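Asks: attaching a predicted model along with its sequence, questions to come.
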Amino acid sequence: MFLPNKTAEAGRKPPRRPPTNRPAPGAFIYFPFVAGGVKASRDPGPASFIDRGTGAMGQQVKHVLGWMDVYKLAGSVWRDLQCNFRSEGAFPCPLVVYPVPRGGIHAAQALMAASVSAKNGLPQVRITNTPELCHVIIDDIVDSGKTMLEHKHKYRNMWFVALVDKINDERYKGAWVEFPWETLVGETGPQDNIRRILEYIGEDPSRPGLLETPDRVVKSYEELFAGYRQSPIEILKTFEDGAAGYDEIILQKNIPFTSFCEHHMLQFEGLAHVAYIPDGRIVGLSKMGRLVDVFAKRLQVQERLTTQIAETMYLHLKAKAAACIIEAEHSCMGCRGVRKKGSRTVTSCLRGAFLERPEARMELMALIRG
């Protein structure tokens, strides 16, 4: 059962085994780990190399939710909970929910408002600060899924619900979701998270020199990670005029770039060499540098960055060959850990004739070294 020897506060005990998952639009119910029951939601896998972390065509989608949107989502969650509990003939009244701090508190309050009975005007949901005594754990959003899985492992007999699911709902995948309580007094979205980081490292975010730091950091992130809001396909404008009869190597070398390691969010920078052999279509020279920036201005590992650039050139241009070679110095190796400052990492990705024909590969290397 869900709450063995714990029904004093929670009222009637919920069903032994959750019924079939039937989420309403915009509301997602995650069932507990129970013997023979429904398995946990899937762990999100890596997205494609072009639209990783973005919406369609690489453009990041932003959902700004108002209070009415929140109440509609909470109403969907409430109806689903009623349907699933009652299908087993045991709906606890009141339904006791534990909100995951901090966004779950607002989600629980919205669920309480959605549960007000038409008969007596009283809510059918009660909020508790003791997760062991609840029927349902609630949060405002399932983002990476880490919080959900931690709670489901720790409290195996509890249901987990959320207003927004970025893992399974296509509308929210890769999108930035902003709730109304994130703009309340004392809550400034990502700026508030920067303040908490400053406190974590031992600083005082209220001292004069740091008062504007959160705003500056967020503004700098908009520039440093602008690649999430750009589409590599839209950047690579091609031309057929001028390409006729040209079937030799086009190389742009020593393209400087700066990116950030996704493991430590520390900077790595270096030079990229991008080349291709056209097949009836060429691309503007400045576009190769812009393509490097689109992928570099994201959280990256050098290996993926190299592959993304080469494969985009090869596939979008339908080129006979494409290549990207990157040499970079990583500050995560220089300022921490092994502290090997000055060491450089070289990665390469070859496609088409550069991979299949040794003479084409040798010519490319000679041009890069020359």
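Replies: Alright, I've got the coordinates.
Asks: sketch out the low-pLDDT regions of the stretch 101-250 of the chain for me.
Replies: Applying pLDDT under 70 to the stretch 101-250 of the chain picks out residues 183-188.
Asks: now the helices for it?
Replies: Counting by DSSP state H, counting those that start in this stretch, the segments of the stretch 101-250 of the chain that form helices are 103-114, 146-154, 190-200, 213-224, 232-235.
Asks: okay, the angle between the first one and helix 146-154?
Replies: Computed by axes from the mean of the first three to the mean of the last three Cα atoms, to 10 degrees, the angle separating helix 103-114 from helix 146-154 equals 80 degrees.
Asks: now the fourth one
Replies: Relative orientation of helix 213-224 and helix 146-154, computed by the same axes, to 10 degrees: 110 degrees.
Asks: only the buried residues of helix 213-224, if you could.
Replies: Thr213, Pro214, Val217, Leu224 (16 or more other Cβ atoms under 10 Å). Where C-beta positions appear, they are placed from N, C-alpha and C, glycine not excepted.
Asks: same list (the helices of the stretch 101-250 of the chain) but as a markdown table, adding distance to Tyr314.
Replies: A markdown table is the format used below for these (distance: least, Cβ to Cβ, whole Å):
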| stretch | distance to Tyr314 |
| --- | --- |
| helix 103-114 | 43 |
| helix 146-154 | 35 |
| helix 190-200 | 36 |
| helix 213-224 | 27 |
| helix 232-235 | 12 |
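Asks: what's the most buried one of those helices?
Replies: Ranked by mean neighbour count, the helices of the stretch 101-250 of the chain are led by helix 103-114 with a mean of 22 (mean count of other Cβ atoms under 10 Å).
Asks: relative to helix 103-114, how tilted is the longest helix along the chain?
Replies: As assigned by DSSP state H, the longest helix anywhere in the chain is helix 67-86. Counting by the same axes, to 10 degrees, helix 67-86 lies at 80 degrees to helix 103-114.
Asks: what mean pLDDT would you report for helix 67-86?
Replies: In this model, helix 67-86 has a mean pLDDT of 89.
Asks: so what strands line up beside the helix or strand just after it?
Replies: Using DSSP states H and E, the next helix or strand after helix 67-86 towards the C-terminus is strand 95-99. Looking at strand 95-99 with DSSP bridges, its partner strands are strand 125-127 (parallel), strand 136-142 (parallel).
Asks: need the contact list for His330.
Replies: Cys261, Leu266, Phe268, Gln302, Thr345 (Cβ atoms under 8 Å, 6 or more residues apart in numbering).
Asks: and if you look at Lys253?
Replies: So Lys253 contacts Leu271, His273, Val274, Ala275, Leu367, Ile368 (Cβ under 8 Å, 6+ apart).
Asks: confirm that it sits in a helix.
Replies: No - read with DSSP: H, G, I helix; E, B strand; the rest coil, Lys253 is strand and lies in no helix.
Asks: now the farthest one out in the protein, which residue is it?
Replies: Gly245 (44.2 Å; Cα atoms, centre = their mean).
Asks: quick check: phi and psi at that residue.
Replies: Dihedral angles of Gly245 (phi, psi; degrees, to the nearest 10) stand at phi 80, psi 0.
Asks: state the distance from it to Ser348.
Replies: For Gly245, the distance to Ser348 (Cβ to Cβ, to the nearest Å) stands at 29 Å.
Asks: and if you look at Leu367?
Replies: Going from Leu367 to Ser348 by Cβ to Cβ gives 14 Å.
Asks: again with Phe239
Replies: As judged by Cβ to Cβ, Phe239 and Ser348 stand 27 Å apart.
Asks: neighbour count for those two, which is higher?
Replies: Ser348 (18 against 11; other Cβ atoms under 10 Å).
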